[in-house]
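Colleague: just a sequence and a predicted model for now, questions to come.
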Amino acid sequence: MVWIVFALFLAVWQVVGAFNDNAYYVSSPLEIGRQLLVWGTDGYLWPHLLASVESTLAGFVVAAVLAISLALAIASSPRAGQILEPFLLAAFSTPKIVVAPLLIFWVGVGSAPVIVLAALSSFFVIFYGAYGPLRDVPRGYFDTAAVLGAGAWTTATRFRLPAAAPEVLAGLQQGLIYAFHGAVLGEMTASNTGMGYVIMYSATSMDSASVLAALAVIGAVSFVLTQVLGRAAQNFSDPLTVEAMP
């Protein structure tokens, strides 16, 4: 059904575009498809797409490790949570776009600021997706950990984290998309490669077909990334349940 609706949307767009005098500015599905075919056959698309994916994954991995580690540490220490929460909320509320010029000043242009911006965009989504569930794990898990003689590290990683795994994985899924958004944003401001750069270059050339083609690629990559991580989340099973605890 989804594909039928999508096909109808493209058909209506194409028909309406045929009678539009401003087609130069909005292009059409056929022109966009033709542009994608040209990019795919002449090799222009693949280096930019690969650069965006690599920066996204690098930023996402850094953000995921740091965010989940910090969420575990703060969830295990209510006092630390009270102290750090206002600072984290202030940093989360700051628009990431305003950090881009500072990153250029600090690390220059190229892949480094793109990866950092991808990590920043993803970090807080992952952190807040994990922090609440990790903090609110049912008491039964900790009673079981205490009976088994588990230390603080074992309790955090073998009991607290698995108990909150579904919510943590949902945060990771959203974080991956935000990492991609951050990477594209970084490429638009501080790089000469990647899909963000393609959009900016095409826009300055007044090439609407190329801009929309790049947006179509970005949308497709976002869909694939969420599907891959979604499948991984579905395959995860929590070996511990509160009902099974004494």
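Modeller: It's in.
Colleague: helix, strand, or coil at Thr193?
Modeller: For Thr193, the assignment made with DSSP: H, G, I helix; E, B strand; the rest coil gives coil.
Colleague: ok, how many other residues are close to it?
Modeller: 17 (other C-beta atoms under 10 Å). Every residue, glycine included, has its C-beta placed from N, CA and C.
Colleague: what's the answer for Glu167, then?
Modeller: 16.
Colleague: tell me who's in contact with the residue lying closest to it once chain neighbours are set aside.
Modeller: In space, and not counting its chain neighbours, Glu167 is closest to Pro133: 3.7 Å by C-beta to C-beta, 6 or more residues apart in numbering. Contact partners of Pro133, counting by C-beta atoms under 8 Å, 6 or more residues apart in numbering, are 163-164, 167-168.
Colleague: same deal with Pro47?
Modeller: Pro47 neighbours (C-beta under 8 Å, 6+ apart): Thr193.
Colleague: related to what we said a few turns ago, so which of the contacts of Pro133 comes closest to Tyr44?
Modeller: Val168 (38.3 Å; C-beta to C-beta).
Colleague: got the contact list for the residue lying closest to that closest one once chain neighbours are set aside?
Modeller: Nearest in space to Val168, with sequence neighbours left out and distances taken as C-beta to C-beta, 6+ apart, is Ala130 at 4.6 Å. Contacts for Ala130 were tallied using C-beta under 8 Å, 6+ apart; they are 67-68, 71-72, 164, 167-168, 171.
Colleague: out of the residues you listed, flag the one nearest to Gly186.
Modeller: Ala67 (18.4 Å).
Colleague: circling back to that earlier point, where does the residue nearest to Glu167 land on pLDDT?
Modeller: Pro133 carries a pLDDT value of 86.
Colleague: one more: the one 5 residues further on?
Modeller: In this model, Pro138 is scored at 72, pLDDT.
Colleague: now swap in Gly129 and tell me
Modeller: In this prediction, Gly129 has a pLDDT value of 88.
Colleague: surely it touches Gly171?
Modeller: Yes. With contact defined as C-beta atoms under 8 Å, Gly129 counts as touching Gly171 (1.9 Å).
Colleague: ok, the two, which is more surrounded?
Modeller: Gly171 (26 against 23).
Colleague: now that one: which helix or strand?
Modeller: Take DSSP states H and E as the rule and Gly171 turns out to sit in helix 165-190.
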